[in-house]
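Peer 1: Let's see this in three dimensions:
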Amino acid sequence: MKYLGIDYGTKRTGLAVSDPEERFAFPRATLSMTTREAFFASLLAFIEKEGIGGIVIGLPLLTDGSEQLTTRQARHFAERLKRRTDKPIFWMEEVLSSFEAEEDLRLAGRTAPKDRALIDQQAAARILQSFLNQPAEKRRPA
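Peer 2: Next up, the predicted model:
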């Protein structure tokens, strides 16, 4: 089954897709937030076009494991997505995924100011790869 990894943000949301064998995550797209309805229409069209069977949303936590504003925003996003799709949705706890994604791109010779959309996609790929690396029994439904 193909999974969709999501690095949710209030301005931009990074998307990554797994291979059907659930081994690798690939950065795929960045959606910009215009209106909520336009955003969800684009996201659902992407899910349909890619043949996605499950969705993984990054749950941003502070380094001490506590929640923050972006954690609550991700939870609200997941609830809105659940009302629009019947695909199974999972959480993948994340700490510093965007920072690590920025470092990945810097090492590849890319610069952050020009590549914000790529950073979001790479963060989504990191979230999804972490999920794929987990045993199935440790995967947390949203």
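Peer 1: which helices and strands does the host helix or strand of M92 pack with?
Peer 2: M92 is part of strand 89-94 when elements are defined by DSSP states H and E. Secondary-structure packing of strand 89-94 (3 or more Cβ pairs under 8 Å, 6 or more residues apart in numbering; DSSP states H and E): strand 52-60, helix 69-82, helix 116-133, strand 140-141. Backbone N, C-alpha and C define where each C-beta goes, glycine included.
Peer 1: Can you give me the buried ones in it?
Peer 2: I89, F90, W91, M92, E94 (16 or more other Cβ atoms under 10 Å).
Peer 1: Save the residues you listed as JSON lines, and put in pLDDT and distance to E37 too.
Peer 2: Shown next, in JSON lines, are those (pLDDT from 0 to 100; distance: Cβ to Cβ, whole Å):
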{"residue": "I89", "pLDDT": "98", "distance to E37": "19"}
{"residue": "F90", "pLDDT": "98", "distance to E37": "25"}
{"residue": "W91", "pLDDT": "97", "distance to E37": "24"}
{"residue": "M92", "pLDDT": "95", "distance to E37": "26"}
{"residue": "E94", "pLDDT": "84", "distance to E37": "27"}
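Peer 1: can you put the residues you listed in TSV and add distance to K138?
Peer 2: Formatted as TSV, these follow (distance: Cβ to Cβ, whole Å):
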residue	distance to K138
I89	16
F90	10
W91	11
M92	10
E94	15
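Peer 1: L31 is nearest to which of the helices and strands packed on strand 89-94?
Peer 2: Proximity of these to L31 was assessed by Cβ to Cβ; the nearest stretch is helix 116-133, lying at 8.8 Å.
Peer 1: Which parts of that closest one count as buried, going by neighbours?
Peer 2: Here helix 116-133 shows 118-132 as buried, counting by 16+ other Cβ under 10 Å.
Peer 1: do the same with stretch 54-70
Peer 2: Under the neighbour-count criterion of 16+ other Cβ under 10 Å, stretch 54-70 has G54, I55, V56, I57, G58, L59, P60, L61, T70 buried.
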